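>>> need a structure here:
(chains A and B)
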Amino acid sequence: MTPEPVGIKRELMKGNVAICAGAIAAGCRFYYGYPITPQNDIPEYLSAHLPPIGGTFLQAESEVATINYLLGTSASGKRVMTSSSGPGISLMQEGLSYMAGSELPAVIVNISRSGPGLGGIAPSQGDYFQATKCGGHGGYRMPVLAPHSVQEMYSLTMLAFDLADKYRNPVMILGDAVIGQMKEPFVPTSYVSTVPEEKPWSLTGCAGRPRRIIKSLHLKDDEIEAHNWKLHRKYMTMREEEVRSEPTHLEGAGIVIVAFGTAARVSKTAIQWARAEGLPVGMLRPVTLFPFPSREVDEAVSRADAVLVIEMNTGQMLEDVLISTRHHDKIRFLGKPCAIPTPEEILQEIRSLAGEIGVKAGNVR
Amino acid sequence: MKNKAKEKFTKQVFSRPRSLLDVSTHYCPGCHHGIAHRILAETIDHFDLREKTIGVAPVGCAVLMYDYFDVDFVEAPHGRAPAVATGVKRAQPDRFVFTYQGDGDLAAIGTSEIIHAANRGENLTVLFINNTTYGMTGGQMAPTTMLGQKTSTSPYGRDFRNDGYPIRIAEMLATLEGTAFSARVATSTPAQIRKAKEAVKKAFDMQIRGMGFSIVEILSTCPTNWGMKPLDAQKRVLGEMSGYYPLGVYKERKQADFA
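Residues are numbered from 1 along each chain as shown, chains lettered A, B, ... in the order given. Below is the predicted model:
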């Protein structure tokens, strides 16, 4: 099928709704979820828009059940998605481990809130560890995509479905209340699939073929060890092939910001202001949090005089930055665990950092 | 001539169901999983569903049941089989979907999933094996453990003041509007096995006709963890267990709500 020409029509849309639009465009017709703030726009939108196009919306009794509805629908070979926020994502960790172990694709959206515990509904990036290190048992990984605009809420959702099918693995989209609730214009580009539609492993009834079993139990020592190495190789392939990051003004930047999602979005404004003052500031924005752009971070840190890691937590991605490079002395951190850093705060941080390391203002345009 | 006579006077009356594989199982002597498996396989064959079936395996002794059945199977986390089955059935409403769960799986950790699957009238069939204990983990107390029953975690016998009461699942699920069929059977005598098979057929038929959720609770044995000889275990089912868990059909929908 020839894809439609790339749309030039701009639409004003909420981030959470853009995720729904991306999922529908990518052919997802099954959504299950449980209410939790601040992601309710997603189930509300899909409960209205999936049934008319022959899709299935089902509100589950819990997030524990939700992730297992996903497991069943995924095993049936269908694209399926859920969304939740921190506490609900915690309840899905069991199922995520089973899906990773059973090699089942699905897209899980975390419009995260501040924690721990019930925490608050303020925007936060406190779920970075849970998402990227994987909170379920047994040791597994999943790609984690961090959109920083409504456009990316749409396009990264489409990418998430392709990655999930390509690797037969759950994929997480990690957003927050700001990126989920804000409205901005975006272009609804066409979805072009990069993976085969056929799923020769799906359970459809064994008509005309040998039976299939989808499981994560391997009682024999050699079997479970082989399975673990197989999964490991898959995660290594992700590290080789799926790293995505966005450089902004990195060329000649004495100060480099490393931030993702909303923190990166706000940083862009601060960078604009700082550069207007003549300060040579750039940014490296990880788009995939797993696989983490370690090589890119190391290169940026090596070339810069100082690196400012900005997160809406007390320093989680910071650890991945530190693992990625030997130049720990160059790294500074600005953390806002339960709030959005303002461009003013970031600009202030840039100015004092410039003073500290002796970066002089010059013409950076 | 001889062969012709043989054809005329002999008839095969017993064979392995098509849906069962020709393998030996890991179940203990005197355990009823074998009987329940056979009933299940015979019923799949009876309705000619082998190539349209997706089974959902539990966590417990029966997790390995997919090694014995010649149908597609998915393995669920502990207690989540009704949720996994929901995901399969919603994606493929024209396929036959069943779960097979023990009492630890269904009546303890999976109560939420089973109640809500039943209450939604999810068009699934559940075989619930109640042997009053956790078999696979070594005979710990289950919600179905009888009062006074000694297990590895109720060494002084189950006491309602500490552990509450044995839970009656077939009766409880029969109270839910979404349940189309709920029955309790046993498999300790040939007559009971025939009745059990009838109940399982009815449960299958409910799903085939789109009537909603169906469950058959099967009172079963665990001689190994009960510390009993197989024959004594049968006596326990026929006596003490059937007394507290009465056999019978608790709900049988005659007409679908949508009809």
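>>> nearest spatial neighbour of the residue in chain B that chain A sits nearest to, chain-adjacent residues omitted?
Residue of chain B nearest chain A, by Cβ to the nearest Cβ: residue B:87 (2.3 Å). Where C-beta positions appear, they are placed from N, C-alpha and C, glycine not excepted. Among residues not flanking residue B:87 along the chain, residue A:72 sits closest, at 2.3 Å (Cβ to Cβ, 6 or more residues apart in numbering or on different chains).
>>> report the distance from the host helix or strand of that neighbour to the chain centre.
Secondary structure from DSSP states H and E places residue A:72 in helix A:63-75. Computed by Cα atoms, centre = their mean, to the nearest Å, the chain-centroid distance of helix A:63-75 equals 20 Å.
>>> with stretch A:161-180 instead?
Using Cα atoms, centre = their mean, the offset of stretch A:161-180 from its chain centre is 5 Å.
>>> just stretch A:334-341 next, same as before
Centre-to-centre, stretch A:334-341 and its host chain are 19 Å apart (Cα atoms, centre = their mean).
>>> okay, buried residues for that stretch please.
A:334, A:335, A:336, A:337, A:338, A:340, A:341 (16 or more other Cβ atoms under 10 Å in any protein chain shown).
>>> so which of the residues you listed sit within strands?
If you go by DSSP state E, the buried residues of stretch A:334-341 have A:334, A:335 in strands.
>>> farthest-separated two in the buried residues of stretch A:334-341?
Across these, the longest distance by Cβ to Cβ is 14.2 Å; it joins A:334 and A:338.
>>> the residue of the stretch 251-365 of chain A found nearest chain B: neighbour count?
Nearest to chain B, among the residues of the stretch 251-365 of chain A, is residue A:290, at 22.9 Å (Cβ to the nearest Cβ). By the criterion of other Cβ atoms under 10 Å in any protein chain shown, residue A:290 has 25 neighbours.
>>> what sits against it?
Residues counted as contacts of residue A:290 (Cβ atoms under 8 Å, 6 or more residues apart in numbering or on different chains) are A:131, A:132, A:141, A:142, A:143, A:144, A:238.
>>> so which of the residues you listed comes closest to residue B:210?
residue A:142 (36.5 Å).
>>> check contacts around the closest one.
A:96, A:100, A:134, A:169, A:170, A:171, A:172, A:290.
>>> looking at those residues, which has the most residues close by?
residue A:170 leads those on contacts (other Cβ under 10 Å) with 32 neighbours.
>>> can you name the next helix or strand after the helix holding residue A:72?
strand A:80-84.
>>> against residue A:140, how distant is residue A:230?
12 Å (Cβ to Cβ, to the nearest Å).
>>> overlap of the contact sets of those two?
By Cβ under 8 Å, 6+ apart, no residue touches both residue A:230 and residue A:140.
>>> so residue B:123 touches residue B:89, yeah?
Yes - the pair residue B:123 and residue B:89 qualifies as a contact (Cβ atoms under 8 Å) at a distance of 6.0 Å.
>>> which neighbours do those two have in common?
residue B:97.
>>> what is the neighbour count of residue 137?
Picking chain A for this. If we define neighbours as other Cβ under 10 Å, then residue A:137 has 12 of them.
>>> hmm, no, I was thinking of chain B.
Quick note: residue B:137 (other Cβ under 10 Å) scores 14 neighbours.
>>> over to it: give its phi and psi.
phi -90, psi 0 (degrees, to the nearest 10).
>>> in the helix or strand where residue B:170 lies, what counts as buried?
Applying DSSP H and E as the criterion places residue B:170 in helix B:169-174. Neighbour-count burial for helix B:169-174 flags B:169, B:170, B:171, B:172, B:173, B:174 (criterion: 16+ other Cβ under 10 Å).
>>> hmm, who's touching it?
Contacts for helix B:169-174 (Cβ under 8 Å, 6+ apart): B:103, B:106-107, B:114-115, B:118, B:128, B:130, B:144, B:179, B:182-184, B:213, B:215, B:217, B:245, B:250-251.
>>> rerun at 7 Å
Helix B:169-174 is contacted by residues B:106, B:107, B:118, B:128, B:179, B:182, B:183, B:184, B:215, B:217, B:250, B:251 when judged by Cβ atoms under 7 Å, 6 or more residues apart in numbering or on different chains.
>>> again, but for stretch B:39-52
In contact with stretch B:39-52 (Cβ under 7 Å, 6+ apart) are residues A:205-207, B:17-20, B:53, B:69-71, B:95-96, B:100, B:127, B:196-197, B:200-201, B:204, B:208.
>>> chain center to that stretch: distance?
15 Å.
>>> now do that stretch: distance from first to last residue.
18 Å (Cα to Cα, to the nearest Å).
>>> try stretch A:257-265
11 Å.
>>> please, where are all the helices along the chain?
The chain I'm using is chain A. Under the criterion DSSP state H, chain A contains helices at A:15-25, A:41-49, A:63-75, A:86-91, A:93-102, A:128-129, A:150-167, A:177-181, A:221-241, A:261-276, A:294-303, A:317-324, A:343-357.
>>> the chain in question should be chain B.
Assigned by DSSP H, the helices in chain B fall at B:2-9, B:33-46, B:81-91, B:103-104, B:111-119, B:160-163, B:169-174, B:190-208, B:223-226, B:230-236, B:242-244.
>>> which parts of the third one are buried?
Think helix B:81-91. Those would be B:81, B:82, B:83, B:84, B:85, B:86, B:87, B:88, B:89, B:90, B:91, for helix B:81-91 by 16+ other Cβ under 10 Å.
>>> pull the CA atoms of that helix into PDB?
The C-alpha coordinates for helix B:81-91 follow below in PDB (Å, rounded to 0.1, in the frame of the first residue of the first chain):
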ATOM      1  CA  ALA B  81      -5.500 -16.800  33.800                       C
ATOM      2  CA  PRO B  82      -9.000 -15.200  33.500                       C
ATOM      3  CA  ALA B  83      -7.400 -11.900  32.600                       C
ATOM      4  CA  VAL B  84      -5.100 -13.500  30.000                       C
ATOM      5  CA  ALA B  85      -8.100 -15.500  28.600                       C
ATOM      6  CA  THR B  86     -10.100 -12.200  28.400                       C
ATOM      7  CA  GLY B  87      -7.300 -10.700  26.300                       C
ATOM      8  CA  VAL B  88      -7.300 -13.800  24.000                       C
ATOM      9  CA  LYS B  89     -11.100 -14.000  23.700                       C
ATOM     10  CA  ARG B  90     -11.600 -10.300  23.100                       C
ATOM     11  CA  ALA B  91      -9.000 -10.500  20.300                       C
END
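>>> which residues are in contact with that helix?
Contacts of helix B:81-91 with the rest of the structure, by Cβ under 7 Å, 6+ apart, involve A:30, A:56, A:58, A:65, A:68-73, A:75-76, A:78, B:54, B:56, B:58, B:74, B:76, B:97, B:99, B:101, B:105, B:110, B:113-114, B:117, B:122-124, B:126.
>>> what's the angle between it and helix A:63-75?
Interaxial angle of helix B:81-91 relative to helix A:63-75 (axes from the mean of the first three to the mean of the last three Cα atoms, to 10 degrees): 40 degrees.
>>> give me the angle between helix B:81-91 and helix B:190-208.
40 degrees.
>>> pLDDT weak spots in chain B?
B:1-3, B:5-6, B:258-259 (pLDDT under 70).
>>> ok, which residues in it are in contact with chain A?
Within chain B, the positions near chain A by Cβ under 7 Å from any Cβ of the partner chain are B:51-54, B:63, B:66, B:70-77, B:80, B:83-88, B:90-92, B:95, B:112-113, B:116.
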